[in-house]
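K.L.:
Starting from these lines, generate the structure:
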Amino acid sequence: MTLEQLTNKVYNKLKDKDFADKQGRMLAIQVNLTGKIGGVFYIEILNGVLSVMPYEYNDRDAVISVTMTNFDKILSGKLSPNTAYATGKLKIEGNIDKVLLLAELLK
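P.N.:
Residues are numbered from 1 along each chain as shown. Predicted coordinates:
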């Protein structure tokens with residue numbers, strides 16, 4: 001899987017959620033992909049609009065560090081974000097509440 005394929009998968013997973021009534025920034029999370037296939041992208045929900053872009057995000061709520069394989073497992077429901085965090089497969093810097101909100105949205 002490429003970074004572009006993963007960002008498309010994240011976007012497709014979240015695009016049908018209803019963010020229309022959300023004013024201001026709901027969340028901005030940068031994902032750092034570690035391991036063989038590295039990269040960076042961010043997920044932002046701002047004024048009800050979803051963005052998933054292959055760039056760093058400086059004004060973010062949190063940073064998640066995870067391998068592409070484990071992030072894909074989280075997206076597909078094969079790996080719980082809580083389990084990934086507890087076992088060290090997912091590292092979080094910043095606002096954990098925003099990461100938990102993202103985890104809930106990805107279910």
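K.L.:
which other residues reach the helix or strand encompassing Asn32?
P.N.:
Counting by DSSP states H and E, the element that carries Asn32 is strand 25-34. Strand 25-34 is contacted by residues 3, 6, 19, 38-47, 56-57, 59-68, 71, 98-99, 101-102 when judged by C-beta atoms under 8 Å, 6 or more residues apart in numbering. Glycine gets a C-beta too; all of them are placed from N, C-alpha and C.
K.L.:
Out of those, list just those in strands.
P.N.:
Residues of those located in strands (DSSP state E): 39-46, 62-67.
K.L.:
Which stretches in this structure count as helices?
P.N.:
Using DSSP state H, the helices of the chain run over 3-14, 68-76, 81-86, 96-105.
K.L.:
Need the winner for burial among the ones you listed.
P.N.:
Greatest average neighbour count among the helices of the chain goes to helix 68-76 (a mean of 18), per mean count of other C-beta atoms under 10 Å.
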